[in-house]
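Asks: My questions are about this predicted structure, shown below with the sequence.
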Amino acid sequence: MEMALVLASGSKIRAELLNNAGLTIDVDPADVDERAVEAPLLEADFPPEDLASVLAEAKAKDVSARRDGDLVIGADQILAFEGKRRTKPEDMEAARRQLLAFSGKTHELHSAVVISKNGEAVWRHVSTARLTMRALTPEFIGHYLANAGEAVLSSVGAYQLESLGVQLFEKIDGDYFTILGLPLLPLLGELRARKVIET
């Protein structure tokens, strides 16, 4: 039976990035309690990039354990701001408060990708992007959230760089794919090295 390439995520943007790159993938979201996995790591003060890597691995291994012989891609992204991890805003008011806090400051996005086979991680990579927001007025934030709508709640930073969110920023250091939550170039390089895709 032919080996499948599997994305252990329900993320539309990650699936779209892989499809746009010409890959044929199965989408099989992991069933992992992320908060339970990260709780002891947060207590032990793990760096955010390690946290992203552990969560990506947990997802990849969860799906890989039930997909014999397939290559499973797990991914996760952690936003770190002033030394603390941030999670997705619960509602529009939380998104507003978060954007006010980010205004004029820099935060980091740590995106991890892990490949797993037969329940074991066989490759991992973490990329970091640093994003500096311009100084935003409360009025601008209000207009931005009204225009962007509740879609911002699906993003840990309350923005989607591929759409209106790009207007929030003054400077970005890092890879576009890292910001979208999947370090695509290193992943494609590894898939080529494994002769999964054309070299």
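Replies: Arrived safely. Everything quoted here is computed from the prediction, not taken from an experiment.
Asks: residues contacting the nearest residue to G22 once chain neighbours are set aside?
Replies: Nearest in space to G22, with sequence neighbours left out and distances taken as C-beta to C-beta, 6 or more residues apart in numbering, is I197 at 7.7 Å. Yep, even glycine has a C-beta here, placed from its N, CA and C like the rest. Residues in contact with I197 (C-beta atoms under 8 Å, 6 or more residues apart in numbering) are G22, L23, L188, L191.
Asks: out of those residues, who's nearest A52?
Replies: Proximity of the contacts of I197 to A52 (C-beta to C-beta) peaks at L188, which lies at 19.2 Å.
Asks: Just list the residues touching that closest one, thanks.
Replies: So L188 contacts A21, I197 (C-beta under 8 Å, 6+ apart).
Asks: Distance of V54 relative to A60?
Replies: 11 Å (C-beta to C-beta, to the nearest Å).
Asks: what residues does stretch 65-72 touch?
Replies: Taking C-beta under 8 Å, 6+ apart as the rule, stretch 65-72 contacts 1, 3-8, 26, 28, 60-61, 63-64, 115-119, 191, 194, 196.
Asks: among those, which ones are buried?
Replies: Listed as buried from those are 5-8, 28, 60-61, 63-64, 115-117, 191; burial here means 16 or more other C-beta atoms under 10 Å.
Asks: got these as a markdown table, with distance to L180 and secondary structure columns?
Replies: Output for the buried ones among the contacts of stretch 65-72, formatted as a markdown table (distance: C-beta to C-beta, whole Å; DSSP: H, G, I helix; E, B strand; the rest coil):
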| residue | distance to L180 | secondary structure |
| --- | --- | --- |
| L5 | 19 | strand |
| V6 | 19 | strand |
| L7 | 14 | strand |
| A8 | 17 | coil |
| D28 | 20 | coil |
| A60 | 18 | helix |
| K61 | 23 | helix |
| V63 | 21 | helix |
| S64 | 23 | helix |
| I115 | 18 | strand |
| S116 | 21 | strand |
| K117 | 25 | strand |
| L191 | 18 | helix |
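Asks: of all those, which two lie farthest apart?
Replies: The largest distance within these, taken as C-beta to C-beta, falls between K61 and L191 and amounts to 18.3 Å.
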